[in-house]
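>>> Sharing a model prediction with you, sequence too.
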Amino acid sequence: MTVFSLFRNVSPSRGFCAAAPAASALFLLSATISASAADIVVSGLPSGLTVGVRVATGTCVTGGGRFSSTGVTLTERAFRRFEPSSIGGSPGLRLIEGSTYEGDRIVDTFSAAGTQCPPDQQFAAVVTVLGRREGNTFNSMREAGGGIATWTPETGTSKRLVLKSEVHAKTARVVDSDAQAPPGPTLNRDVVVNWSVGYDDSFGAGSVVEPRLEFFTTGLAGLPRGSRGSLSTLLFRVIVTADNRACLMRALGPWSCGPVNQNISLSSGNVTVTRVSVTASGTSRSVAWRFRLAPDFPTGQFEVVARARDQAPLLKQRRFLYRVAGPPRGNRPTFIFRDLELLPWEESSFFVTVQ
């Protein structure tokens, strides 16, 4: 997904365009593509993929009837929309461009003991993305939980599959385990901190790679972290590595690593990590971070960021490569297989004042 910004009263040297007049802005907003009329819509994925949806053969809750579905390959549909936005206190618009994958599926159901699946029966759906393992010549699928699909009556014994699904990779929750509430707004030095973070990925807990907790200086007011001129810098990072070790890293110091799910003592400068516990279930990988800021840790406001990476689990150290559209050859489409960041991580960030 691509984002462009239009802001009022912001210097073009900052990398932003001046906003259009109000009438033009209203025209731009009215030009957004309307919601799709397709029965099956999958969003959250980049463009150029081969995406499908299937539901496993299952038994209806009532009546004993069964249905059968071989799945459906979806068609990519580009969209663009404008959303209100602001930066540095200047109001404006941002243009969001991306793709959804859409289609329709009518399925003939068959009965058991003379009964049929009832209308509006719900089943778990699976979103599939076509690719292959590195070094292989045969294709395979990466599969994500697609939410709940509903069968609605069509004609006779036929039913229509209805599904609106958004796949994601995001930090779902951050909780102070001692207070049983979100962390902040203050954080005391020389006190053991216990924070629990839930990292969620539609492709399953095994796809959550390198979950981490990071402390940044806040930089200049009004400028987001990472933007040019913000002056925000990383103070320290605690991370679970791909080989399942807990590591503490300071911006200007060495790494210190130890095993997860054990009492440890990782120290770097004025930060000490005493335990990192990892559990996984379904689509979520939860990490309990236990750490302490020394009495000489700097005071003031800091930004805390919790994030990870989405990555297909390695199989015999082979990466999963996705089939994407290649350059056309005459009137025929072509496809290539490549490694890509399928789901950019939706991080969670908040501010704390260390005292």
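Perfect, I can see it now. Numbering: from 1, shown residues only.

>>> Can you pull the phi and psi angles for the residue most central in space within the chain?
For the chain, the residue whose C-alpha lies nearest the mean C-alpha position (Cα atoms, centre = their mean) is Ala169; its distance is 2.0 Å. Phi and psi for Ala169, reported as degrees, to the nearest 10, are phi -140, psi 110.

>>> now do Ser207
phi -90, psi 0.

>>> What sits closest to it if chain neighbours are left out?
Of all residues beyond its chain neighbours, the one nearest Ser207 is Asp201 (4.5 Å), with distances taken as Cβ to Cβ, 6 or more residues apart in numbering. Any C-beta I mention is one placed from the backbone N, CA and C, and that applies to glycine too.

>>> bridging residues for that neighbour?
Applying DSSP bridges to Asp201 gives these bridge partners: Ala169.

>>> Does it touch Ala172 like I think?
No. Using Cβ atoms under 8 Å, Asp201 is not in contact with Ala172, being 9.7 Å away.

>>> Between the two, which contacts overlap?
Ser284 (Cβ atoms under 8 Å, 6 or more residues apart in numbering).

>>> the more surrounded of these two?
Asp201 (28 against 16; other Cβ atoms under 10 Å).

>>> contacting residues around the more buried one?
Residues in contact with Asp201 (Cβ under 8 Å, 6+ apart) are His168, Ala169, Ser207, Val208, Thr283, Ser284, Arg285, Ala308, Asp310, Leu343.

>>> which one of those has the most neighbours?
Within the contacts of Asp201, neighbour counts (other Cβ under 10 Å) peak at Val208, which reaches 28 neighbours.

>>> circling back to that earlier point, could you export the contacts of Asp201 to TSV, including columns for pLDDT and distance to Phe351?
Formatted as TSV, the contacts of Asp201 follow (pLDDT from 0 to 100; distance: Cβ to Cβ, whole Å):
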residue	pLDDT	distance to Phe351
His168	96	24
Ala169	97	23
Ser207	96	29
Val208	97	25
Thr283	94	28
Ser284	96	25
Arg285	97	25
Ala308	98	21
Asp310	97	26
Leu343	94	26
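
>>> ok, which stretches of the stretch 251-355 of the chain are strands?
Assigned by DSSP state E, counting those that start in this stretch, the strands in the stretch 251-355 of the chain fall at 255-259, 263-268, 271-281, 284-293, 300-310, 320-325, 335-338, 348-354.

>>> And for the last one, what's in contact with it?
The one in question is strand 348-354. Contact partners of strand 348-354, identified using Cβ under 8 Å, 6+ apart, comprise 170-174, 182-189, 197, 218, 225, 293, 297-307.

>>> Can you say which of those are buried?
For the contacts of strand 348-354, a neighbour count by 16 or more other Cβ atoms under 10 Å gives the buried set as 170-172, 174, 183, 187, 197, 218, 225, 293, 297, 302-307.

>>> Might you list the low-confidence residue ranges for the stretch 51-200 of the chain?
56-70, 86-89, 106-121, 151, 153-159 (pLDDT under 70).

>>> cutoff 90 now
By pLDDT under 90, the weakly predicted segments of the stretch 51-200 of the chain are 54-72, 79-98, 104-126, 137, 145-163, 184.

>>> Please parse this structure into its domains.
Here the domain parsing of the chain from automatic domain parsing is 2-166, 169-315+341-354.

>>> Between those, which one is closest to Gly330.
domain 2-166 (19.1 Å; Cβ to Cβ).

>>> circling back to that earlier point, and the domains of the chain as TSV, adding distance to Arg332?
Formatted as TSV, the domains of the chain follow (distance: least, Cβ to Cβ, whole Å):
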stretch	distance to Arg332
domain 2-166	16
domain 169-315+341-354	26
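
>>> Of these, which is nearest Pro327?
Pro327 lies closest to domain 2-166 among the domains of the chain, at 11.6 Å (Cβ to Cβ).

>>> Can you report how many residues lie near Ile149?
If you look again at residue 149, you'll see it is Ala, not Ile. 23.

>>> Which helix or strand contains it?
strand 140-153 (DSSP states H and E).
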